[in-house]
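Asker: Just to be clear, the model below is a prediction. Sequence and coordinates:
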Amino acid sequence: VKLPLFLCPPSHDVSLSLHGSEPKQQSPHRRRALAQPSTSGYQSADRPLTILHLEREDIMEESSAEALDSSIQDHVPPLAVKDLKVLLKKERSDCVSSSSRDDDSTLQNPGTHSSILDENTKSDSCIQEGKSKSVKLCFSDGKSRIDYILVYRKSSSQSEKREVFERNIRAEGLHMEKEASLTNSDVIFLKLHAPWDVLCRYAELMNIRMPFRRKIFYMHRRHKFLSRMEKRINQFRGWLPRKPMKFDSNTLPYLEENESFTAPFSRSRIHHFIIHNKETFFNNATRSRIIHHILQRVKYEEGKNKMGLNRLLNNNSYEAAFPLHEGWYHSKNSIRTHGAENHRHLLYECWAWWGVWYKYQPLDLIRRYFGEKIGLYFAWLGWYTGMLFPAAVVGLLVFLYGVFTLEHCPVSKEICQATDIIMCPICDQYCPYLRLSDSCIYAKVTHLFDNGATVFFAVFMAVWATVFLEFWKRRRAVLAYDWDLIDWEEEEDEVRPQFEAKYSKKERMNPISGKPEPYQAFTDKYSRLLVSASGIFFMILVVIAAVFGIVIYRVITVSTFAAFGWALIRNNSQVATTGTAVCINFCVIMLLNVLYEKVALLLTNLEQPRTESEWENSFTFKMFLFQFVNLNSSTFYIAFFLGRFTGRPGAYLRLINRWKLEECHPSGCLIDLCMQMGIIMVLKQTWNNFMELGYPLVQNWWTRRKLRREHGHHTMANLPQWEKDFHLQPANAYGLFDEYLKMILQFGFTTIFVAAFPLAPLLALINNIIEIRLDAYKFVTQWRRPLPSQAKDIGIWYGILEGIGILSVITNAFVIAVTSDFIPRLVYAYKYGPCAGQSQSAEGCMMGYVNASLSIFRVSDFERRSQPRTNGSDMFEEAVRFCRYRDYREPPDSAEPYSYTLQFWHVLAARLAFIIVFEHMVFAIKTLIAYLIPDLPKDLRDRMRREKYLIQEMMYEAELERLQKEKREKKKKGRVHHKEWP
């Protein structure tokens with residue numbers, strides 16, 4: 001809630017209750033963020049409330065500069081309630097507690113589990129005492145905490161720029177200390193510390209919002225009755241087993257903290273903010289952000305644009321820059337009995353450790369340690385994973401429905417019993433004639449995915465995608481409120497150094513800042529965009545060429561496998577062709593992904609985006625477009641083109657007038673699509689997980705092994721924290737781009753062709769459960785600590801998700817209508833089958849469907865190059881004269897041989913009608929759901945309105961008290977003047 005700086009804690013005559021003292025059930029949106037701790041660090045939720053009673057007059061008066069530093073540590077702003085004692089007595093009678101007691105102990109009794117970590121003495125102290133060693137996080141004086149680390153090499157040729165840069169850093173008020181590496185004398189670590197006055201000055205300049213009083217909410221008259229009911233319900237729940245997925249409040253009590261009103265920090269009103277300890281008022285993430293803000297604006301050369309840490313990193317003046325991890329992440333002792341060593345240890349035990357894979361993520365702790373941007377990513381990933389659960393369950397039920405109805409499926413039964421139906425060869429010369437019953441197993445497998453529940457599941461997934469996005473907006477709003485990001489606006493990006501270097505000769509006035517800045521001409525900008533668009537189009541053509549190569553491979557290989565010496569391969573030549581083609585396609589996809597990244601970088605830099613956000617959005621769009629087309633192009637070919645344009649026996653359509661296009665299996669093309677999706681999805685997710693964790697693990701292991709062999713175990717065991725962090729892998733240069741990209745591609749794979757592969761949500765769910773812990777383990781143990789940054793949404797990715805949701809409706813409509821046999825079976829059942837003309841369908845309505853869906857071909861009408869080498873007499877009792885193929889055509893002895901039958905046109909019309917009806921119906925449902933689900937939860941909206949009302953009341957009372965104070969001063973002056981009257 002954005003509050004004016006001149007407000008002070010007011011008084012209210014209405015009945016109020018402390019939000020932090022309410023039971024958990026009172027509000028589902030309790031702020032669980034790690035607010036600024038008191039001198040006791042993390043408090044238990046069941047401690048008695050302790051409040052300093054101060055007069056309103058004392059609150060309103062500004063503290064003098066001399067008394068500020070001495071009183072700031074012990075000053076606690078009071079609650080604006082007139083009869084505070086009565087209210088506290090009432091709340092205690094309702095068994096409502098608060099977590100604001102001050103305690104001097106650094107670690108509570110392990111037997112009570114009332115506190116795991118004291119922030120003042122462990123997380124925020126310079127030296128963290130462990131069981132076997134101490135971790136230094138401070139300067140050599142043992143007092144100044146290290147807030148940021150810069151690393152450079154003495155042999156670097158940029159020493160002059162560094163000297164100027166460091167001299168200007170000192171001028172900004174930052175403290176510095178240098179220390180050489182214990183493993184490489186050429187490496188120097190520059191430790192930075194921000195003192196209290198610098199933090200306050202830049203917190204005010206950056207408008208960092210800090211807590212200045214606890215939130216209070218109106219308590220309805222029936223709240224007392226509801227509190228008693230909730231108390232009884234909680235007593236009853238005490239007999240039930242605890243929810244296994246939630247964290248034990250005794251294990252993590254510090255998550256239960258009071259909410260507070262926040263306002264942009266102001267040094268002139270510093271006594272209004274909740275400051276228990278100057279050392280802990282600004283947490284580590286905020287301190288790192290402030291220092292990074294300073295470093296980005298410090299000059300290293302004379303000139304208006306010669307400034308910023310990023311430029312020094314780009315020209316190798318500095319080798320690395322990062323905030324410190326808070327000590328070691330692992331401990332030999334249990335966190336329940338000995339407490340957590342630091343926040344990093346706590347994150348490892350409660351989040352990154354595989355033993356807690358089933359637990360909810362501690363989002364507030366993640367946000368506190370890594371910043372809001374990373375916290376929001378894990379919140380989105382957790383929300384997506386949770387929403388996959390119902391989709392996975394329904395998809396599994398659809399699959400099980402196919403399993404249980406397999407024995408009662410008339411189509412698969414008819415195929416398995418069709419020993420007298422001879423199918424035409426599927427390739428030229430080498431492929432033999434086959435009985436239709438030979439594809440019995442494939443017909444049964446097809447029924448597992450293509451059954452009566454497929455249409456329902458496609459509609460369900462379209463609705464699910466909408467519900468997922470709409471409820472994510474609500475979840476994001478709650479997080480933005482809890483993390484105080486409702487009114488947060490991203491700072492204007494700085495101009496990129498590359499843009500400055502290119503267009504420094506042309507300048508114009510920035511309409512926002514009023515300062516001169518480099519200017520890119522209109523013609524230059526759009527000519528570069530045109531070249532970039534041409535490059536994108538060319539790379540899409542490369543993808544199509546790769547798919548074309550896979551098609552040629554399939555056409556050639558099916559004949560090779562048909563003549564293979566191994567009977568297992570020869571009898572399953574089409575399946576073997578599909579399987580090997582998918583594996584080759586996966587390798588091509590991974591190779592092209594590497595190429596696409598380089599091309600996307602080249603094209604994005606060619607465009608010369610003005611700011612970093614413009615560069616990031618442009619690069620994101622290109623990479624998503626490239627990888628989406630690369631990943632799904634072969635799947636689109638199999639779903640909508642395979643077997644659709646092959647012609648017929650005797651008149652096949654050929655590729656370059658040479659290769660006959662591949663046909664579908666006698667049981668349909670859906671089995672090929674299922675294999676494509678299943679293999680690609682499993683292989684890609686396995687590869688991503690290996691590269692995500694395996695590569696950093698191997699790199700870090702090799703670095704440690706090399707250092708241990710050169711310097712010995714003793715030196716490695718005594719490395720300071722900054723050197724340990726330096727030997728970790730640097731955070732991704734693109735931030736969270738890769739993390740979002742792979743999840744968005746998975747979302748597309750899960751929704752776009754889900755009608756053909758109902759198990760896709762289940763595979764995605766299993767992968768995401770692993771993915772969350774892999775990412776957590778990587779961030780906590782394998783990467784340097786990334787710079788904590790803020791964000792209130794997932795940015796451009798939300799629009800991409802909405803686009804995928806729309807595309808999924810269209811593709812699933814085509815998959816059901818074109819790829820599957822749902823429409824042909826429906827047309828046969830109501831028009832041509834035994835039940836034609838009947839209002840109700842009976843069990844035998846599909847009898848004869850297989851025979852009706854196959855056309856007859858005279859073997860003597862084969863082309864010479866398509867004629868099989870055997871006439872079938874070795875497999876059948878006599879030479880084959882007629883064979884069957886999948887199509888709706890007239891027999892060879894009809895008046896118009898091999899022309900389309902009336903049933904073909906009926907099926908085609910039904911397919912088109914289904915696509916139109918399905919799309920309109922699903923889009924209408926999606927639109928209705930999006931309209932009915934508000935973006936903000938009602939209780940959150942009420943809380944925001946309530947806070948707005950309280951702000952108005954506070955403004956009124958603050959102004960009233962100011963006027964009363966002025967009136968008293970005037971009266972006092974009037975009395976003094978009267979005494980001096982002669």
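Answerer: Done, it's in. Numbers count the residues shown, from 1 in each chain.

Asker: Look up the closest residue to Gln903, ignoring the ones flanking it.
Answerer: Nearest residue to Gln903, sequence neighbours excluded (Cβ to Cβ, 6 or more residues apart in numbering): Tyr888, at 4.9 Å. Bear in mind the C-beta positions are built from the backbone N, C-alpha and C, glycine included.

Asker: List the contacts of the one you found.
Answerer: Each residue near Tyr888 by Cβ atoms under 8 Å, 6 or more residues apart in numbering is listed here: 853, 855, 900-901, 903-904, 907.

Asker: per-residue pLDDT, it?
Answerer: For Tyr888, the pLDDT comes out at 91.

Asker: picking that back up, which PyMOL command selects the buried ones in the contacts of Tyr888?
Answerer: With 16 or more other Cβ atoms under 10 Å as the criterion, this PyMOL line picks the buried residues out of these:
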select buried, resi 853+855+901+903+904+907
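
Asker: And the contacts of Tyr888, which is closest to Tyr481?
Answerer: Val907 (53.8 Å; Cβ to Cβ).

Asker: which stretches of the stretch 51-200 of the chain have low pLDDT?
Answerer: 51-135 (pLDDT under 70).

Asker: Domain boundaries for the protein, per the record?
Answerer: 16-351, 371-485+495-822 (automatic domain parsing).

Asker: Quick one: closest of those domains to Asp942.
Answerer: Comparing the domains of the chain under Cβ to Cβ, the one sitting nearest is domain 16-351, at 9.6 Å.

Asker: Looking at strand pairing, list the partners for the nearest residue to Ser504 once chain neighbours are set aside.
Answerer: Take Ser504 and drop its neighbours on the chain: the residue closest to it by Cβ to Cβ, 6+ apart is Pro518, 5.5 Å away. When bridges are called by DSSP bridges, Pro518 pairs up with Glu507.

Asker: tally of neighbours for Pro518?
Answerer: Using other Cβ atoms under 10 Å, Pro518 is surrounded by 19 other residues.

Asker: Next: Cys664.
Answerer: With other Cβ under 10 Å as criterion, Cys664 counts 19.

Asker: wait, what's in contact with it?
Answerer: So Cys664 contacts 642-643, 672, 886 (Cβ under 8 Å, 6+ apart).

Asker: Kindly recompute the last result at 10 Å.
Answerer: The contact partners of Cys664, by Cβ atoms under 10 Å, 6 or more residues apart in numbering, come to 426, 574, 638, 642-644, 646, 670-672, 819, 886.

Asker: can I get the contacts of Tyr888 in JSON lines with secondary structure?
Answerer: As requested, the contacts of Tyr888 are exported to JSON lines (DSSP: H, G, I helix; E, B strand; the rest coil):
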{"residue": "Ser853", "secondary structure": "coil"}
{"residue": "Ser855", "secondary structure": "strand"}
{"residue": "Tyr900", "secondary structure": "strand"}
{"residue": "Thr901", "secondary structure": "coil"}
{"residue": "Gln903", "secondary structure": "helix"}
{"residue": "Phe904", "secondary structure": "helix"}
{"residue": "Val907", "secondary structure": "helix"}
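
Asker: Which single one of the contacts of Tyr888 is nearest to Thr611?
Answerer: Nearest to Thr611 among those, with distances taken as Cβ to Cβ, is Val907, at 54.6 Å.
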